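# A structural model of the following input is requested.
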Amino acid sequence: MVKQVNRWKFKQLEDVKIILNEEGEKADLTGSTLIESSPSPGAAGLIALTHLIEFLQPIKIGEVKSPHFPQISIVNDSGLANQPKIELYFYDKDVKLLLMLRNFPIESSEGSYLVARKLYEFFKSKGVKAYYLLASSRIYGESNVYVASTSINNAKSLIEAGAKLSPNLDALPLDRFGAYMLSFFARNYDLAFILISEVYSYLPDPAAAKRLLEVLSKALKFRIDMEKLDREIEKQKRLIEEFQRGFGQILPEREEQPSREREPYYIG
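Numbering: from 1, shown residues only. Model prediction:
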């Protein structure tokens, strides 16, 4: 019976396909930092990661496909419909960055676990040293970036870069897949962080994305140009102002949210 269960688990893991291209097969990922985003209000993590890929121009090294991904078609910039997939990019110049881009949540807990486990085992075998999950949420109504980590010492570089220790929230803004990834890295004493940028509504928030990148680039010591994000910030600001003149207030006031505690939060 135990053998049957193990064979079933192996078969389930085989449903998760990590497809490396020629550059991916040759890439030395040892010591690299893995960065991805969690679907969350304001989409600051996804905006930040997309801007990072556009600016750094990393090499695409592969894709991840699985029947556990949503059974929908996503239309790309060329108007073609594709099944959801995770894309992997590698940047190896002044710093080694492994960027994992996905723009969808994995709904089931079982699917999230299996995909996260397969990817963690792959990253671990390649010598990836740290995992950063970028997210956004409304916390205190302040324009801050918060960090949660396995220890204060691990988060020191992010705090020096401008992040604040995350309060002990009832629910962090992560989906199941992100939660499992954080758990695997933290459980095995690898570096694991979640960076949360404050947002004020569910609207896409490029300003919150910029704050994430400011902290991340300073902590990891890489250069990034924010000019395109600045243009997006000004464009959104004008749109909101025009809307508010015609229809009234759409963003909530920046007021402190009630919370039982303001204690640091640690993963693990």
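# now the helices for the chain?
Assigned by DSSP state H, the chain shows helices spanning 2-14, 22-26, 44-56, 109-125, 156-160, 176-187, 206-220, 227-247.
# hmm, residue 37 and residue 175 touching each other?
No - between residue 175 and residue 37 there is no contact, the gap being 10.1 Å when judged by CB atoms under 8 Å. Bear in mind the C-beta positions are built from the backbone N, C-alpha and C, glycine included.
# neighbour-wise, which of the two wins?
For residue 175 and residue 37, the more surrounded residue by other CB atoms under 10 Å is residue 37, and the numbers stand at 28 against 18.
# ok, and the closest non-adjacent residue to the more buried one?
Counting by CB to CB, 6 or more residues apart in numbering, residue 37 lies nearest to residue 45, which is 3.0 Å off, once chain neighbours are set aside.
# so who does residue 87 touch?
By CB atoms under 8 Å, 6 or more residues apart in numbering, residue 87 lies in contact with 60, 62, 63, 64, 100, 101, 102.
# ok, 7 Å please
Contact analysis of residue 87 by CB atoms under 7 Å, 6 or more residues apart in numbering lists 60, 63, 101.
# quick one, which of the residues you listed are buried?
Neighbour-count burial (16 or more other CB atoms under 10 Å) is assigned, among the contacts of residue 87, to 63, 101.
# picking that back up, ok, which of the helices of the chain comes nearest residue 33?
With respect to residue 33, and counting by CB to CB, the nearest of the helices of the chain is helix 206-220 at 6.3 Å.
# for the closest one, packing partners?
Packed against helix 206-220, as judged by 3 or more CB pairs under 7 Å, 6 or more residues apart in numbering; DSSP states H and E, are the following elements: helix 44-56, strand 130-137, strand 145-149, helix 156-160, strand 191-198, helix 227-247.
# C-alpha coordinates for the third one, CSV please?
Taking only C-alpha atoms (Å, rounded to 0.1, in the frame of the first residue of the first chain), the coordinates of strand 145-149 have been written out as CSV:
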residue,chain,number,x,y,z
VAL,A,145,7.4,48.3,2.3
TYR,A,146,7.3,45.6,4.9
VAL,A,147,9.4,42.5,5.2
ALA,A,148,8.7,39.1,6.8
SER,A,149,11.6,36.6,7.1
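# show the average pLDDT along it.
In this model, strand 145-149 has a mean pLDDT of 92.
# name the helices or strands packed onto that strand?
On a contact count with 3+ CB pairs under 7 Å, 6+ apart, strand 145-149 meets strand 164-165, strand 191-198, helix 206-220.
# give the buried residues for stretch 36-56.
The neighbour-count check on stretch 36-56 (16+ other CB under 10 Å) flags 36-53, 55-56 as buried.
# report the central residue of this protein.
For the chain, residue 37 is the residue whose C-alpha lies nearest the centre (CA atoms, centre = their mean; 1.5 Å).
# quick one: that one and residue 202, what's the gap?
For residue 37, the distance to residue 202 equals 16 Å [CB to CB, to the nearest Å].
# re earlier: a markdown table for the helices of the chain, including mean pLDDT and distance to residue 138?
As requested, those are exported to a markdown table (pLDDT from 0 to 100; distance: least, CB to CB, whole Å):
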| stretch | mean pLDDT | distance to residue 138 |
| --- | --- | --- |
| helix 2-14 | 49 | 36 |
| helix 22-26 | 97 | 38 |
| helix 44-56 | 96 | 11 |
| helix 109-125 | 95 | 24 |
| helix 156-160 | 94 | 21 |
| helix 176-187 | 92 | 18 |
| helix 206-220 | 96 | 10 |
| helix 227-247 | 82 | 16 |
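# could the ones you listed be laid out in CSV, adding distance to residue 143?
Listed next are the helices of the chain as CSV, based on distance: least, CB to CB, whole Å:
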stretch, distance to residue 143
helix 2-14, 42
helix 22-26, 38
helix 44-56, 12
helix 109-125, 31
helix 156-160, 16
helix 176-187, 23
helix 206-220, 7
helix 227-247, 12
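# quick one: closest of these to residue 136.
Of all the helices of the chain, helix 44-56 comes closest under CB to CB, at 3.5 Å.
# name the helices or strands packed onto the closest one?
Judged by 3+ CB pairs under 7 Å, 6+ apart, the packing partners of helix 44-56 are strand 33-37, strand 96-101, strand 130-137, helix 206-220.
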